[in-house]
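S.K.: Provide a 3D model corresponding to the input given below.
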Amino acid sequence: MINKICPSPEEAVKSITDGAVLFLGGFINCGFADDLLDALYAQGTVGLTTISNNPSVGERGMTRLLQDGRISRMICSYSRKPGTSLIEDLIDAGQLALDIIPQGTIAEAIRCNGAGIPGFYTRTGVGTPLAKGKEHRDFDGVTYIFEPALHADFALVRALRGDRWGNLVYDKAARNFNPVMAMSKAFTIAQVDEIVTPGELSPEHIITPGIFVQQIVRSRKT
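M.R.: As a prediction, the model looks like this:
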């Protein structure tokens, strides 16, 4: 009998070791798996590389990990935390390396990971500092740069509902980067607000099929 349910966030993140690379679903502060990130913080894991749209905005999750120096490299499309200089201070202190990738590019680079594609060519970033050191190639007289697929060891995603098979349904904008990260080659751990009986989720509503999810854990707060 397939049962991917973990009893707690702490149990779910036990396999994440120092130096791991993480896909973190979320957009602004919507759709982050904060219970899993808090458990990772409590576990004391260090030297992390995170790949996300942005650092989370609140005082939980990525924020705590960043403040305590647990994240050594952050790859994202937007790094500025409004009203703070946390990211800049960490970079100036030599505690954080930062890579900026345009939002559409980072989404496609993650999708390539799951699709088994080594990378893709895009016009986005051509002629800007973001193209420095990257392969340039012309197609029909137009210049493109090559963007390699992004790889991670684990994907921490957030969904509204899930079943013990790992099928996931998202809540509106919380869908954001979560499905494409779950479909990657990373080991996917899903935090869900509600765990339902298998068969209760309509196949027409399932966004992430359970085959892409290795573990599922219920949120502590909904």
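S.K.: helices or strands next to the helix or strand bottoming out on mean pLDDT in the chain in the packing?
M.R.: Ranked by mean pLDDT, DSSP states H and E, the weakest helix or strand in the chain is helix 86-92, scoring a mean of 91. Helices and strands touching helix 86-92, as assessed by 3 or more C-beta pairs under 8 Å, 6 or more residues apart in numbering; DSSP states H and E, comprise helix 62-67, strand 97-100. Any C-beta I mention is one placed from the backbone N, CA and C, and that applies to glycine too.
S.K.: Please point out which parts of the helix ranked longest in the chain sit buried.
M.R.: In the chain, with assignment by DSSP state H, the single longest helix is helix 103-115. For helix 103-115, burial by neighbour count (16 or more other C-beta atoms under 10 Å) applies to Thr105, Ile106, Ala107, Glu108, Ala109, Ile110, Arg111, Cys112, Asn113, Gly114.
S.K.: which one is Gln215 nearest to, not counting chain neighbours?
M.R.: Excluding the flanking residues, the one nearest Gln215 by C-beta to C-beta, 6 or more residues apart in numbering is Ile189, at 4.6 Å.
S.K.: and what of Ser15?
M.R.: In space, Ser15 is closest to Phe187, 7.3 Å off (C-beta to C-beta, 6+ apart).
S.K.: Which pLDDT value goes with the one you found?
M.R.: Per-residue confidence (pLDDT) for Phe187: 98.
S.K.: before we move on, the earlier item: mind listing residues that contact the least confident helix or strand of the chain?
M.R.: The contact list for helix 86-92 (C-beta atoms under 8 Å, 6 or more residues apart in numbering) reads Pro55, Thr63, Leu66, Gln67, Gly69, Met74, Ser79, Arg80, Lys81, Leu96, Ala97, Leu98.
S.K.: rerun at 7 Å
M.R.: The set of residues external to helix 86-92 that reach it, using C-beta atoms under 7 Å, 6 or more residues apart in numbering, is Pro55, Leu66, Gln67, Ser79, Arg80, Lys81, Leu96, Leu98.
S.K.: re earlier: how far away from the center of its chain is the longest helix of the chain?
M.R.: Centroid displacement of helix 103-115 relative to its chain, using C-alpha atoms, centre = their mean, to the nearest Å, is 11 Å.
S.K.: circling back to that earlier point, so the residue nearest to Gln215 sits in a strand?
M.R.: Yes - under DSSP: H, G, I helix; E, B strand; the rest coil, Ile189 sits within a strand.
S.K.: That one and Gly127, how far apart?
M.R.: 39 Å (C-beta to C-beta, to the nearest Å).
S.K.: Could you check how far the residue nearest the centre of the chain is from Leu40?
M.R.: With distances taken as C-alpha atoms, centre = their mean, the residue of the chain nearest its centroid is Leu24 (2.0 Å). According to C-beta to C-beta, Leu24 stands 10 Å off from Leu40.
S.K.: quick one on the thing from earlier: and the longest helix of the chain, what does it pack onto?
M.R.: Applying 3 or more C-beta pairs under 7 Å, 6 or more residues apart in numbering; DSSP states H and E, one finds that helix 103-115 makes contact with strand 119-122, strand 142-148, helix 178-182.
S.K.: and it with strand 142-148, angle?
M.R.: 50 degrees (axes from the mean of the first three to the mean of the last three C-alpha atoms, to 10 degrees).
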